[in-house]
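1. for reference, the sequence and a predicted model appear below.
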Amino acid sequence: MRLEGKSLKSDFFRFIIPSIIAQWVFSLYTMVDGIFVARGVSEVALTAVNISMPFTTGLFSVSILFAVGNSTIVAIFLGQGEKQKANEVFTQNVVLLCILSVLITILVMIFLDPFARFLGATDHILPYARTYIGTIAPFSVVYILSYSFETLIKTDGYPKLATIYVTSGAVLNCILDYILVMVLHKGVWGAAFATGISQAAVILLYLWHFLGPKGTIRFSKFHLMPSEIGRQIRNGMSSGITEFSSGIIIFFFNQAILKYIGEYALVSYTIISYVNTIVVMSMAGIAQGTQPLISYYYGKNESEKYKKLLKYGMVAAAAGSVAAVLICYVGAESIVGLFLKESEASLSVYSVRVLRIFILSFLLAGLNVVLGGYFTSVEKAGFATMISLTRSLIALVISLVFLTAVFGGEAIWWAPLIAESCCLVLSAGLYQWYRKK
């Protein structure tokens, strides 16, 4: 692994800043689609993009599950000086992801309408959701490989290069979105196609790195290693769940909103979900940026350094969370205004109000995500998975059910704060237990 060697803190920032930027860019892919669809098509089409988000986040979660798990193992092997073993594990991961991508594409295309309805598409929304998902699905392989390659380039010691590549894809996506949606009026198909083509273009840049002379990690011949596949799934499970948590939260919120409030509130939640995704993925950027460093020093058995990296990560997460809440609270009207037209005044007022409630959960989310990422980096996959499942599924669902039953539909917006609070108690307890052991 290529380290600058100036100081541990400088290495920390050298890795997390590109990682956070990369997470912003990946989050903006769908958000940009939403903005152009809302402005160039309709609010109903925007809701369809939101309905489809669990699918796109699902693709990224598969990518991150294997990417982080693979990156952890590769970094440990590099720390131990086993370069050839690192290359074999990397190559096996790429082949496995290609196979999984093809299977996902086939299944989604066969069951396209039932899948869209399962995600919450009503008769009104279904045509748009069907088009968006059906266009994205054939690009599953580039969606999944894109983030995996981005993570491994960082592990290879080139975080800035990874940021340049992923940002190039985002710029291309914006240009194509504008041309296809606003100029050629291709609607949700144009937005989805622009995203897919942009991801495919970035894949070519990643391949140029791994096939070129610059990096350490290379494609190589390998024999099937089931034990390493299981190991990387265990190590990446927490990060995969963290990514998919955005999709899980969107899915459960969509169902609860349709049941207790009404279809109009889906537009408000679509806006909230974009903000939530950017903030949570920023925290994931901190966790995943420190992961190669922590795993590297863990492989070298230098506990003082990887514990200090955790401290840096927690401070960064706390500061970032407070900043996110302040920015979103003060700028709530501007954020909502990106998506809603002036004619939707009552919906805008409602969206601003519920956004300011929802963002309180950001104060705790970062700490939970960073602690989960730390446990992944030191191969405590069970702890990491417990944290991810609690914050994204168990505590959230219980909070939604309890709050709506006792206080009614409008209490839905407080559920994430309750869920993150419960999860933080668990995270702190697991860390204290781990320290004593």
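-> The structure has been received and is ready for your questions.

2. low-confidence stretches in the stretch 301-437 of the chain?
-> Applying pLDDT under 70 to the stretch 301-437 of the chain flags the ranges 343.

3. ok, 90 please
-> Filtered on pLDDT under 90, the stretch 301-437 of the chain yields the residue ranges 301-308, 337-347, 372-394, 396-397, 400-401, 405, 408-410, 431-432, 434-437.

4. now do the helices in it.
-> 303-330, 332-339, 345-358, 362-377, 381-389, 395-407, 415-436 (DSSP state H, counting those that start in this stretch).

5. quick one, helices of the stretch 101-250 of the chain?
-> Counting by DSSP H, counting those that start in this stretch, the segments of the stretch 101-250 of the chain that form helices are 112-118, 126-136, 140-155, 159-177, 187-211, 226-260.

6. tabulate the CA atom coordinates of stretch 427-437 in CSV.
-> Extracted C-alpha coordinates of stretch 427-437, given in CSV (Å, rounded to 0.1, in the frame of the first residue of the first chain):
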residue,chain,number,x,y,z
SER,A,427,-22.7,0.5,19.4
ALA,A,428,-21.3,2.0,22.6
GLY,A,429,-21.9,-1.2,24.5
LEU,A,430,-20.2,-3.4,21.8
TYR,A,431,-17.2,-1.1,21.7
GLN,A,432,-16.8,-1.1,25.5
TRP,A,433,-17.0,-4.9,25.5
TYR,A,434,-14.4,-5.1,22.6
ARG,A,435,-12.0,-2.8,24.4
LYS,A,436,-12.1,-4.9,27.6
LYS,A,437,-11.5,-8.1,25.6
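
7. which residues are contacting that stretch?
-> Around stretch 427-437, the neighbours that count as contacts under C-beta atoms under 8 Å, 6 or more residues apart in numbering are 367, 368, 371, 372, 375, 380, 383, 386, 387. For glycine as for every other residue, the C-beta is placed from the backbone atoms N, C-alpha and C.

8. one more time with 7 Å, if that's ok
-> 367, 368, 371, 380, 383, 386, 387 (C-beta atoms under 7 Å, 6 or more residues apart in numbering).

9. next: stretch 96-103.
-> Contacts for stretch 96-103 (C-beta under 7 Å, 6+ apart): 62, 66, 140, 141, 144, 145, 148, 229.

10. contacting residues around the third one?
-> The reference is to residue 140. Applying C-beta under 7 Å, 6+ apart, we find residue 140 in contact with 59, 101, 104, 105.

11. distance check, it against residue 55.
-> Distance of residue 140 to residue 55, computed by C-beta to C-beta, to the nearest Å: 9 Å.

12. anything in contact with each of the two?
-> In contact with both residue 140 and residue 55: no residue, using C-beta under 7 Å, 6+ apart.

13. redo the helices of the stretch 101-250 of the chain as CSV? Include distance to residue 295.
-> Formatted as CSV, the helices of the stretch 101-250 of the chain follow (distance: least, C-beta to C-beta, whole Å):
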stretch, distance to residue 295
helix 112-118, 36
helix 126-136, 32
helix 140-155, 8
helix 159-177, 15
helix 187-211, 20
helix 226-260, 9
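
14. and these, which one's lowest on average pLDDT?
-> Among those, helix 226-260 has the lowest mean pLDDT, at a mean of 79.

15. next, the buried residues of stretch 400-408.
-> By 16 or more other C-beta atoms under 10 Å, the buried positions in stretch 400-408 come out as 400, 403, 404.

16. okay, the helices of the stretch 101-250 of the chain, which one's buried deepest?
-> Ranked by mean neighbour count, those are led by helix 140-155 with a mean of 26 (mean count of other C-beta atoms under 10 Å).

17. how much does it deviate in direction from helix 187-211?
-> Relative orientation of helix 140-155 versus helix 187-211 (axes from the mean of the first three to the mean of the last three C-alpha atoms, to 10 degrees): 40 degrees.

18. how far off centre is helix 140-155?
-> Relative to its parent chain, helix 140-155 has a centroid offset of 12 Å by C-alpha atoms, centre = their mean, to the nearest Å.

19. and residue 417, how far from residue 248?
-> Distance of residue 417 to residue 248, given as C-beta to C-beta: 17 Å.

20. hang on, I meant residue 307
-> To residue 248, residue 307 is 31 Å away according to C-beta to C-beta.

21. show residues contacting stretch 156-164.
-> Contacts of stretch 156-164 (C-beta under 7 Å, 6+ apart): 1-2, 14-15, 18-19, 21-22, 150, 153-154, 209, 215-217.

22. which of the residues you listed sit farthest apart?
-> Farthest pair in the contacts of stretch 156-164 (C-beta to C-beta) is 21 and 216. Separation: 22.5 Å.

23. what about these two, which has more around it?
-> Taking neighbours as other C-beta atoms under 10 Å, residue 21 and residue 216 compare with residue 21 leading, 21 against 15.

24. for that one, what is the enclosing helix or strand?
-> Using DSSP states H and E, residue 21 sits in helix 8-40.

25. so that helix versus helix 332-339, what angle?
-> Angle, helix 8-40 to helix 332-339, by the same axes, to 10 degrees: 50 degrees.

26. near the residue nearest to residue 234 when sequence neighbours are not counted, how many other residues are there?
-> Excluding its sequence neighbours, the residue lying closest to residue 234 (C-beta to C-beta, 6 or more residues apart in numbering) is residue 381, at 4.0 Å. Other residues near residue 381 number 20, with proximity taken as other C-beta under 10 Å.

27. so residue 381 sits against residue 237, correct?
-> Yes. Applying C-beta atoms under 7 Å, one finds residue 381 in contact with residue 237, separated by 5.9 Å.

28. before we move on, the earlier item: for residue 388, see how far away the residue nearest to residue 234 is.
-> From residue 381 over to residue 388 (counting by C-beta to C-beta), the distance is 10 Å.

29. now the common contact residues for the two.
-> Common neighbours of residue 381 and residue 388 (criterion: C-beta under 7 Å, 6+ apart): residue 238.
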